[in-house]
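**Q** Return atomic coordinates for the entry below.
(one chain, ligands or ions: 1)
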Amino acid sequence: MSAEPRIEVHPDADTLAHAVAGELLDRIHQAQASGHVPQICLTGGTIAEAIHRQIAVIADASGVDWGAVDFWWGDERFVSADSPDRNEGQARAAFLDALGVPAHRIHAMPSTDDVADVDAAAAAFEQAVREHGSGGFDLLMLGVGPDAHIASLFPHHPDAALTDHIAVAVHDSPKPPPERISFTFEALARSRSVWFLVSGEGKADAVAAALADPTPSRVDVPAAGVRGEDETVWFLDRDAASRL
Ligand SMILES: O=C1O[C@H](COP(=O)(O)O)[C@@H](O)[C@H](O)[C@H]1O
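**A** Below is the predicted model:
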C-alpha cells in the first residue's frame, strides 16, 4: 500500500523550512509520547539545510527528547569524514551536535576514513542496518535534484536499479562527488511517511514530472518512485510549484 501524494505549497523557502521543521518536531514528540523511538531519515541539500537550522531555533520549545530519536540519511557522499560535502556533517553542524543527540542515535553512512572503497562501504552499512533491525522509517525526508534524483538515485543510472538490497554503492554520479552510498528504492519505500522537500524555480520541472499523471517510471524520474505507506507529502515553495 502506498499513499497518494498530497501537495502543500508555501510562499517561499523560509516559510517552507519553518513549517517543515515545526511539523517534524511535532511528529517526533508525538511518537515519543506513545513510547516509540522514532526512526527519522534526513536528506542533504539546500532546503534541508534551511530546515535543519530552523530545527535548532525551535528545538527547546518542542518537548522532544533528543536522546530518544534515531537519525539516518537517505544517501551520503563517499568522502572523508571532515569533508564539507558530507550530508552528515551538514546536519551535525546545523542541529544534531548543538542539541546533544548522542552518538549511538546517529547512523551515518561510512566515510573514506572508515572503509577503503565505496562497494565495501555500502555492504558494511547494509549490515549495520540489518543489525539495528530494519523496521523501516517513521519519516523519510527527500530533497529532489533538478534532474528529479532523490537520495543518490539518479535517472537512468545503472546503480539505481539494484534490488534485494538495502544500500547501494553509486559510481560515476552525474552530480559530484562521483562516489556515493544510497538507500535503494526498496529500502526507501519502507517508510510510513515520505516528505519531499523542494524549493526554487530550478526544481519546478522535476516536481511537475514527478507528479505527472500517469506516474512516470522511476528510471526516468526517480522522485516518482517512492511513496509513503501512510502518507506522501510534497512540501513546495511557490517557485517549485510553478509548473504544476
Ligand atoms: O546530492 C544530493 O542532492 C539532493 C538535492 O540537493 P540540492 O542541493 O539540489 O537541494 C539531496 O537531496 C541529496 O541528499 C544529496 O546527496
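**Q** all contacts plus neighbour counts: C-alpha atoms, from now on.
**A** Fine.
**Q** Pull stretch 150-163 out as CSV, backbone CA atoms only.
**A** Output of stretch 150-163 as CSV, limited to C-alpha atoms (Å, rounded to 0.1, in the frame of the first residue of the first chain):
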residue,chain,number,x,y,z
ILE,A,150,16.3,11.6,-4.8
ALA,A,151,18.9,10.4,-2.3
SER,A,152,21.7,9.3,-4.7
LEU,A,153,19.4,7.5,-7.1
PHE,A,154,19.9,9.3,-10.4
PRO,A,155,17.8,9.0,-13.6
HIS,A,156,19.0,6.2,-15.9
HIS,A,157,21.9,5.4,-13.7
PRO,A,158,22.6,1.6,-13.5
ASP,A,159,23.3,1.6,-9.8
ALA,A,160,19.8,2.9,-9.1
ALA,A,161,18.4,-0.3,-10.4
LEU,A,162,19.8,-2.5,-7.7
THR,A,163,17.1,-4.6,-6.0
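**Q** Quick one: distance of it to the chain centre.
**A** Relative to its chain's centre, stretch 150-163 lies at 15 Å (C-alpha atoms, centre = their mean, to the nearest Å).
**Q** Quick one: residues contacting D70.
**A** Shown in contact with D70 (C-alpha atoms under 8 Å, 6 or more residues apart in numbering): 37-40, 105-107.
**Q** G67 too?
**A** Contacts of G67 by C-alpha under 8 Å, 6+ apart are 100-102, 105.
**Q** ok, and the most crowded of those residues?
**A** Neighbour counts for these peak at V101, which has 19 neighbours (criterion: other C-alpha atoms under 10 Å).
**Q** ok, that residue touching W66?
**A** Yes. Contact criterion C-alpha atoms under 8 Å: V101 and W66 qualify, at 5.4 Å.
**Q** ok, P102 - contacts?
**A** Contacts of P102 (C-alpha under 8 Å, 6+ apart): 66-67.
**Q** distance of it from the ligand?
**A** With distances taken as C-alpha to the nearest ligand atom, to the nearest Å, P102 is found 22 Å from the ligand.
**Q** And the pLDDT for that residue?
**A** Model confidence at P102, expressed as pLDDT, equals 98.
**Q** Centre-most residue in this structure?
**A** The C-alpha lying nearest the average C-alpha coordinate of the chain belongs to T43 (C-alpha atoms, centre = their mean; 3.0 Å).
**Q** List the residues that contact that residue.
**A** 73-75, 87, 141-143, 151.
**Q** Likewise for D82?
**A** If you count contacts by C-alpha under 8 Å, 6+ apart, D82 has them with G89.
**Q** State whether it is indeed within a strand.
**A** No. According to DSSP: H, G, I helix; E, B strand; the rest coil, D82 belongs to no strand; its state is coil.
**Q** Ramachandran angles for it?
**A** phi -100, psi 10 (degrees, to the nearest 10).
**Q** Mind naming the longest helix for this structure?
**A** helix 13-33 (DSSP state H).
**Q** next SSE after it?
**A** strand 39-42 (DSSP states H and E).
**Q** Can I get the buried part of the contacts of D70 as one PyMOL selection?
**A** To isolate the buried ones among the contacts of D70 in PyMOL, judged by 16 or more other C-alpha atoms under 10 Å, type:
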select buried, resi 37+38+39+40+106+107
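**Q** Out of the contacts of D70, flag the one nearest to the ligand.
**A** I40 (14.0 Å; C-alpha to the nearest ligand atom).
**Q** Relative to L236, how far out is that closest one?
**A** 20 Å (C-alpha to C-alpha, to the nearest Å).
**Q** what's the answer for V9, then?
**A** For V9, the distance to L236 - C-alpha to C-alpha - is 5 Å.
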